[in-house]
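Engineer: just a sequence and a predicted model for now, questions to come.
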Amino acid sequence: MMRSRLGFLGLMVVLVGGGCIVAERNVSPGINDSYENTELTEWVGRFEGESREVFINREKIVELAGVSSGMDVADVGAGTGFFAEMFAGKVGPEGKVYAVDILPGFLEHIEQRVAEAGHQNVETVLCTNRSTRLPPKSVDLVFMCDVYHHLEYPGSSLASIRRALRPDGRMIIIDFDRIPGVSRDWILGHVRADRLTVVKEALSMGFEVEKNLTQESGLEENYFLVFKKR
C-alpha cells in the first residue's frame, strides 16, 4: 500500500472540449475549509451515521456501480474510506483502489482502516483542488459520492478524471439534488450546482450521460448518474 504525495500545486489552466486552454475561476471558495478545522472522529460520525442516506444505501450503491474482480477504481473524495474499503473487497487482489482526498488526515485514516481489514490493494493519493493526481489511463471507474459540490475547479478536476480513465472507463457522480422549494435549506445553501448544471459541466469536458440510476439506488435526496468518455 502506497501513498502518492504530490503536493498542493494545482494546474492553473484547464483543457476544455476541443482543446482550447482557458483560465478557470474558483466556483466555491472556502467550501473545504471546515474539513481542516474539524476532528476526524466528528467526520466519521457524520459520514458513517445512519441518518446519511448514501451510507444507509451503501450496499446498493456499490452493487449498482458494477465494481467487479480485477477492476481498477478511484474513489475521489474518499473521506473516511468506507466506500474505498468496500471497493477493495470487490476488486480483489487482481484489482486496485485509489483512495483520493485532499486531506492527509483522511488518507492516514484510510490506510489504517484498509490495513486492519486486510486489504493490500489500496493506494492513497493526495490530490489538489484542481487535480485528482491520478496517473493517465489508470482506472476503469471514477466514483464521486457527495463530492462534486466540493469541487472548487470542476473543469480542471473533470479534465484530470478524463485523463485518468481508460477509453471504456466510466465516471459515477452521486450528489445532492438541489431543487428550490423542495430540497432542504442546508442543501440549497451548501450545494452550488443543481443536477442539470453538473450534467452540462460534464458534457463540456468530454463526457456524456450513460445511465440514470437514481430510482434503482433508493436515494431520495441524491441523484446517481453514470457518465462515459465521449
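Structural biologist: Good, I have the coordinates. Residues are numbered from 1 along each chain as shown.

Engineer: all contacts plus neighbour counts: C-alpha atoms, from now on.
Structural biologist: Will do.

Engineer: where do the strands of the chain begin and end?
Structural biologist: For the chain, applying DSSP state E gives strands covering 3-5, 14-16, 20-22, 72-76, 96-101, 122-126, 139-145, 165-176, 207-212, 222-229.

Engineer: mean pLDDT added to these, as TSV?
Structural biologist: Shown next, in TSV, are those (pLDDT from 0 to 100):
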stretch	mean pLDDT
strand 3-5	44
strand 14-16	44
strand 20-22	48
strand 72-76	98
strand 96-101	98
strand 122-126	98
strand 139-145	98
strand 165-176	97
strand 207-212	98
strand 222-229	97
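
Engineer: which of these sits closest to residue 197?
Structural biologist: In terms of CA to CA, the element of these nearest to residue 197 is strand 165-176, at 12.0 Å.

Engineer: from the contact counts, what lies against the closest one?
Structural biologist: strand 139-145, strand 222-229 (3 or more CA pairs under 8 Å, 6 or more residues apart in numbering; DSSP states H and E).

Engineer: return the alpha-carbon coordinates of it using CSV.
Structural biologist: Extracted in CSV, the C-alpha atoms of strand 165-176 (Å, rounded to 0.1, in the frame of the first residue of the first chain):
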residue,chain,number,x,y,z
LEU,A,165,-9.9,7.0,-17.3
ARG,A,166,-9.2,4.3,-19.8
PRO,A,167,-11.0,4.5,-23.2
ASP,A,168,-14.0,2.5,-22.0
GLY,A,169,-14.0,3.9,-18.4
ARG,A,170,-16.9,5.3,-16.5
MET,A,171,-17.5,8.1,-14.0
ILE,A,172,-20.2,8.0,-11.4
ILE,A,173,-21.4,11.2,-9.7
ILE,A,174,-23.8,10.9,-6.8
ASP,A,175,-24.7,14.2,-5.3
PHE,A,176,-27.4,16.2,-3.6
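
Engineer: make residue 1 into 54 and carry on from there
Structural biologist: Okay, using 54 as the starting number, the last item reads as strand 218-229.

Engineer: thanks again, I'm all set now.
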